[in-house]
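Colleague: Turn this into a structure:
(chains A and B, ligands or ions: 2)
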Amino acid sequence: MRFLVCLKQVPDSTVRVRVGADGTAISTEGITWSISPYDEYAIELALGRKDADPATVVSVVTVGPARARDALRQALAMGCDDATLVNAPEDLSGLDVARALAAVVSELRPDVVLCGKQASDDDQGLVGPALAEILGWPHVGMVTRLSPAADGIDLWREVEGGHEVWKATPPVVGLVHKSEKEPRYPSLPGIMKAKKKEIPEKTIASLGVTPTAQRVEVLSMVPPPQRGGGKIWKLDGDAKGVAEQVARALHEEAKVI
Amino acid sequence: MKILVFVERKDGTPRRVSLEIAAKAASFGETDVVGVMGDRYSPIAWASAVAERARSTGAQLVLMGATLNGRDLAARTAAKLGWAYAADCTDLTPKDGAAEATRPMYAGKVRATVRVPLPAVISVRAGAWTLPAGATAVGVSEIAPGAADPRLSFDRFEATASGGKRVSLAEARAIVSAGRGLKGPENWKLVEDLADVLGAATGASRAVTDAGWRPNEEQVGQTGKTVTPDLYVALGISGAIQHLAGMTSSKVIVAVNKDPDADIFKIADYGVVGDLFEFVPAFTDAVKKVKGSG
Ligand SMILES: Cc1cc2nc3c(=O)[nH]c(=O)nc-3n(C[C@H](O)[C@H](O)[C@H](O)COP(=O)(O)OP(=O)(O)OC[C@H]3O[C@@H](n4cnc5c(N)ncnc54)[C@H](O)[C@@H]3O)c2cc1C
Ligand SMILES: Nc1ncnc2c1ncn2[C@@H]1O[C@H](COP(=O)(O)O)[C@@H](O)[C@H]1O
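Modeller: Ligands and ions are numbered 1, 2, ... in the order given. Alright, predicted model coming up:
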């Protein structure tokens, strides 16, 4: 089976995001970039299938600026087979990103396309469903597990209280929420191999995509309201006394119980 | 302006967030409140039904709750219509042919005000709008789902052993969450007992879900759920940036941690430095008393 994982490079989850000087974007100065967490889970799920069946091919693709090449390199080092960089401006709309990805899908012809459930920069969760819609494929959201089935693949979808199991006869798009195992770290041989691999570069124009979709424009960006300066108690052996004071504060002052 | 409001139902009852949206949307213009017939959400079938309804009625704005299914449906519907799209908005106002909305970005680490050109499909977070007193029901027009894709079929539901009994995290007004400080799954009863007296949902840090003490769906944070309850109680949670991303917008935060320097105290409104095993049982009793006294 052939997998294609669509990944986006985003600020690492440990980055303390700051709003930039113009107040409509974050400051990218000196920040560490990583593969978006859900996309990492998607890679892990696909590589898990490859562990079980070595005939599996796992490709990765990203649409983005030149720095995104590092994210592809990382995916190759984790064990993915090949990578494609589609050079595009960073502010391409989600729908146009999906169009570019659809063009890559028609070239690579994967059976299963995996996306993250949302990229942890715009937090939209649009590109996966939009890609499926453009391709005319079904999609399954909140995927946490893939298992092989007689004539296709089972996708496990996390819902309230459990999982739905959906049977797919490929092609299908999965939007990944989690992997059973933690995403693997690149191995040393993996890193060496990845260094030698060529990463072909395309442009959105070469894929026949001209940006058309209406963009959601950011008017302003602010950090969440500062919190803190809260009331702190030390237990000091008087759990009962402190507990009563906290309960009373929640009732009388905060009025939440 | 015409607004299509999609109502999500659980066991036949509209979700609170859908009622919140239906009530608020009426102040923007003429609303068409619809529900799709059938119990099992199916992206293609439901998105074609909603998109078709929006097209045929001339709606400019499609709104739905930013629930698991709502977000999925909104995205596919937006793509089907080729309309603009914004997810998980915490407020919005129609303005000059667009919707001006606020929404979290960067995993909740910043809040953005965005201009979404109309027509658009937008999902709105639970609790973004207060439900007016008495607005506990809404008239819903039933629409039929479109054709499903034969290449994908629902096979079965596998219940999580410990999940599903409580109010859902996303809609809970109170949440009791625990982290690695709880030491092991055998101590979960402490969390449940407190949650019971508070009428709260239970949540967990990723340390807890990764260790398999609790199901994934209870994870709060950047790669788990984003929650905004009135009360969030964090027990034995250190306050890693990825956990904070999912809960800093809670109205009131209570933290219990034996480490006075734990980051969680930096965002807590009420903090208790000490052993959670001593504090929690006493707190459960104290809450019971306070609630009993009205
Ligand atoms: C890409 C990425 C995404 C992530 N997403 C998430 C996410 O969505 N949600 C999330 O939670 N984490 C997430 N994490 C993990 C996060 O970085 C932390 O590792 C995790 O939140 C730690 O969980 P914890 O606070 O339970 O454990 P710890 O950090 O180990 O903290 C345990 C706390 O318990 C306290 N304690 C111990 N014993 C007691 C006692 N008897 N009484 C009182 N207090 C006690 C300790 O002082 C300590 O502060 C993510 C990490 C990455 C890299
Ligand atoms: N520029 C991109 N290049 C490749 N994949 C992307 C890109 N943007 C988004 N995706 C994929 O779509 C998912 C959802 O992204 P988003 O709609 O931006 O939240 C991500 O987790 C990726 O899998």
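
Colleague: Which residues are in contact with B:S56?
Modeller: With contacts defined as Cβ atoms under 8 Å, 6 or more residues apart in numbering or on different chains, B:S56 has no neighbours. Glycine gets a C-beta too; all of them are placed from N, C-alpha and C.

Colleague: so who does A:T144 touch?
Modeller: A:T144 touches A:156-158, A:163, A:176-180, B:216, counting by Cβ under 8 Å, 6+ apart.

Colleague: can I get those in TSV with distance to ligand 2 and neighbour count?
Modeller: Output for the contacts of A:T144, formatted as TSV (distance: Cβ to the nearest ligand atom, whole Å; neighbours: other Cβ atoms under 10 Å in any protein chain shown):
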residue	distance to ligand 2	neighbour count
A:W156	18	23
A:R157	16	23
A:E158	16	22
A:H163	20	23
A:V176	8	29
A:H177	10	24
A:K178	13	26
A:S179	13	22
A:E180	18	12
B:N216	18	21
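
Colleague: The residue in the stretch 51-200 of chain A positioned nearest to ligand 2 pairs with what?
Modeller: At 2.4 Å from ligand 2, A:G116 is the closest residue in the stretch 51-200 of chain A, using Cβ to the nearest ligand atom. Beta-bridge partners of A:G116, counted by DSSP bridges, are A:V176.

Colleague: That one: how many residues sit nearby?
Modeller: 27 (other Cβ atoms under 10 Å in any protein chain shown).

Colleague: Can you confirm whether stretch A:54-72 lies near ligand 1?
Modeller: No: using Cβ under 6 Å from any ligand atom, stretch A:54-72 stays clear of ligand 1, with a minimum separation of 13.7 Å.

Colleague: Kindly report the same for stretch B:256-273.
Modeller: Yes: interface with ligand 1: stretch B:256-273 contributes B:256-259, B:262 (Cβ under 6 Å from any ligand atom).

Colleague: CA atoms of that stretch as PDB?
Modeller: Taking C-alpha atoms only, stretch B:256-273 is exported to PDB below (Å, rounded to 0.1, in the frame of the first residue of the first chain):
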ATOM      1  CA  VAL B 256      -2.800  21.600  43.600                       C
ATOM      2  CA  ASN B 257       0.800  20.700  43.400                       C
ATOM      3  CA  LYS B 258       3.500  19.800  46.000                       C
ATOM      4  CA  ASP B 259       6.100  21.800  44.200                       C
ATOM      5  CA  PRO B 260       5.700  25.500  45.000                       C
ATOM      6  CA  ASP B 261       7.600  26.400  41.800                       C
ATOM      7  CA  ALA B 262       5.400  24.400  39.500                       C
ATOM      8  CA  ASP B 263       4.400  26.500  36.400                       C
ATOM      9  CA  ILE B 264       0.800  25.700  36.900                       C
ATOM     10  CA  PHE B 265       0.800  28.200  39.800                       C
ATOM     11  CA  LYS B 266       1.700  31.000  37.400                       C
ATOM     12  CA  ILE B 267      -1.800  30.800  35.900                       C
ATOM     13  CA  ALA B 268      -3.800  29.600  38.900                       C
ATOM     14  CA  ASP B 269      -6.400  31.800  40.600                       C
ATOM     15  CA  TYR B 270      -6.300  29.600  43.600                       C
ATOM     16  CA  GLY B 271      -3.300  27.400  44.400                       C
ATOM     17  CA  VAL B 272      -2.600  24.800  47.000                       C
ATOM     18  CA  VAL B 273       1.000  23.900  47.700                       C
END
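
Colleague: Would you mark the buried spots in that stretch?
Modeller: B:256-258, B:262-273 (16 or more other Cβ atoms under 10 Å in any protein chain shown).

Colleague: I am finished for the moment; much appreciated.
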